[in-house]
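Trainee: no sequence on hand, only this structure:
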Ligand code: ZN
């Protein structure tokens, strides 16, 4: 084999420039993490300015003529390399990021960051007061900014494609419309058949009085078994759980505590742990480059869902978890066996709040948000009409009546941080997780027994080898194709849910 051509001297300069850029992204993440955890509310205007400045710095470094020159010099060399090599990917992805950034005026990028930070404050106030009117103007301003942003990419098939691309590179409205239509059409009859309005969420098995500190101790003890280490990880409380990794060695999870229901902290922590594990599995060779990142938010979500649902709500995990819960939270889980717990945590119910919804109805909540974001962008609804459209959609898609904006249109943080085009990644993550889970089960034939024995390392290793180690080097559909040998499909998720609901006793035979 011929040796690859020697690297031009510009490669070192490229790495130095990208290292700074990645550091600024890390700084941005620490600032937003702090904003959502410990910052006093009075700091919000200051923080908005700080985030605006960081965003402007990132933008100016990405479009810097020096970086254009370095990429120009490296491109002919990179073309000769294996397209999967770190260097070829680095040049290709940086050029793509740069071309996107060059289209967007620095003033617009800064206005979007500033407005998003202000919107968060408006959203918090509106949600606390249960008064959408306090958030309405902010939604209108943000939609207007998204129009300006989409106009920077006139070649896009649909303005919404431009927003999607920031979270799920390559995803299009034309692809997602039929996908969501199929998902809704197939989930609704399953929900009709399995829904149990007579039962409590999670069968009521996690209800009781739990103080926050005992919950924290219990959940950290459980997370330690799956891979959480205090040296590198944190777990803090926020109203809307998330995970953030400012860089290698620093994985920050947040969770939410309810004093009357342990399921919130248990499943949201497992979920965010899955996100953290993906970040922790990114290869050191890509550190301080833009490739030390996820393939997409959909792929990120496939990892969190794997731990929250595919592992966390499985029969073998319940069998492993139950004795540990009895030890960690004495007296709360007596009179329950693993089969009963498995049934309980797979209870299907129509509910108002996406983050509290069960695995089966969940994607119906996402379908509504996809529909509404498209309608806002297409102008078929405006900020004023959004709550009514929300309530109508909840009745039609999920089958529930919304009684308050706080539990309706104001329930999610996303539109309060300018994240339009983000929601579909949740369903894409669920679909990809189901497709990957099939592959995992085919490869790890002993998986159920491993989980029941509390051996999570083989699964972590599989995910690291097949998904995490690629970082951002593969586009999401390409990664899925390589891992599963197939394109994005609805069937595996539906098959998985149907099989599980039947095993848990929620489907009549033959239904
Ligand atoms: Zn997530």
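Mentor: Great, that's in hand. These figures come from a predicted structure and were not determined experimentally.

Trainee: how confident was the prediction at the residue lying closest to residue 289 once chain neighbours are set aside?
Mentor: Spatially, and ignoring its direct neighbours in sequence, residue 289 is nearest to residue 18 (5.1 Å; C-beta to C-beta, 6 or more residues apart in numbering). The C-beta positions use only the backbone N, C-alpha and C, and glycine is treated the same way. In the prediction, the pLDDT value recorded for residue 18 is 97.

Trainee: shaky segments in the chain?
Mentor: For the chain, residues meeting the criterion pLDDT under 70 lie at 1-4, 509-511.

Trainee: contact residues of it facing the ion?
Mentor: Proximity of the chain to the ion, by C-beta under 5 Å from the ion, involves residues 301, 304.

Trainee: domain assignment for the chain?
Mentor: Under the assignment named as automatic domain parsing, the residue ranges that make up the domains of the chain are 10-155, 173-503.

Trainee: next, format those domains as TSV and append mean neighbour count.
Mentor: Below are those laid out as TSV (neighbours: other C-beta atoms under 10 Å):
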stretch	mean neighbour count
domain 10-155	17
domain 173-503	19
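
Trainee: which residues touch stretch 152-166?
Mentor: 100, 103-105, 108, 146-147, 149-151, 171-174, 176, 373-374, 377-378, 420-421, 424 (C-beta atoms under 8 Å, 6 or more residues apart in numbering).

Trainee: buried ones in it, by neighbour count?
Mentor: Counting neighbours by 16 or more other C-beta atoms under 10 Å, one finds that the buried residues in stretch 152-166 are 152, 156, 158, 159, 160, 161, 162, 163, 164, 165.

Trainee: out of the residues you listed, which are inside helices?
Mentor: The members of the buried residues of stretch 152-166 that map onto helices under DSSP state H are 159, 160, 161, 162, 163, 164, 165.

Trainee: out of those, which comes closest to the ion?
Mentor: Sorting those by distance to the ion puts residue 164 at the head of the list, at 17.0 Å, by C-beta to the ion.

Trainee: once you drop chain neighbours, what's closest to the closest residue to the ion within the stretch 301-450 of the chain?
Mentor: Ranking the residues of the stretch 301-450 of the chain by distance to the ion (C-beta to the ion) places residue 304 first, at 4.1 Å. In space, residue 304 comes closest to residue 274 once its chain neighbours are excluded; the distance is 3.7 Å by C-beta to C-beta, 6+ apart.

Trainee: which helix or strand contains the one you found?
Mentor: For residue 274, the host element (DSSP states H and E) is helix 263-280.

Trainee: need the nearest residue in space to the residue nearest to the spatial centre of the chain, chain neighbours excluded.
Mentor: To find the centre residue of the chain, average its C-alpha atoms and take the closest one (C-alpha atoms, centre = their mean): that gives residue 301, at 4.1 Å. Counting by C-beta to C-beta, 6+ apart, residue 301 lies nearest to residue 429, which is 2.4 Å off, once chain neighbours are set aside.

Trainee: and the angle for the helix or strand the one you found falls within with helix 263-280?
Mentor: Following DSSP H and E, the helix or strand that holds residue 429 is helix 424-443. Going by axes from the mean of the first three to the mean of the last three C-alpha atoms, to 10 degrees, helix 424-443 is angled at 80 degrees with respect to helix 263-280.

Trainee: helix or strand next in line after helix 424-443, which one?
Mentor: Tracing the chain C-terminally past helix 424-443 and defining elements by DSSP H and E, one meets helix 447-452 next.

Trainee: return the list of helices and strands in contact with that next one.
Mentor: Secondary structure elements in contact with helix 447-452, counted by 3 or more C-beta pairs under 8 Å, 6 or more residues apart in numbering; DSSP states H and E, are helix 315-328, helix 457-466.

Trainee: on that earlier part again, what about the residue nearest to the centre of the chain, distance to residue 187?
Mentor: Counting by C-beta to C-beta, to the nearest Å, the gap from residue 301 to residue 187 is 17 Å.

Trainee: same deal with residue 347?
Mentor: Look at residue 347 and residue 187: by C-beta to C-beta, they are 16 Å apart.

Trainee: distance across stretch 220-236, terminal residue to terminal residue?
Mentor: The stretch stretch 220-236 measures 11 Å between its terminal residues, going by C-alpha to C-alpha, to the nearest Å.

Trainee: try stretch 291-298
Mentor: Across stretch 291-298, the straight-line distance between its terminal residues is 16 Å, by C-alpha to C-alpha.
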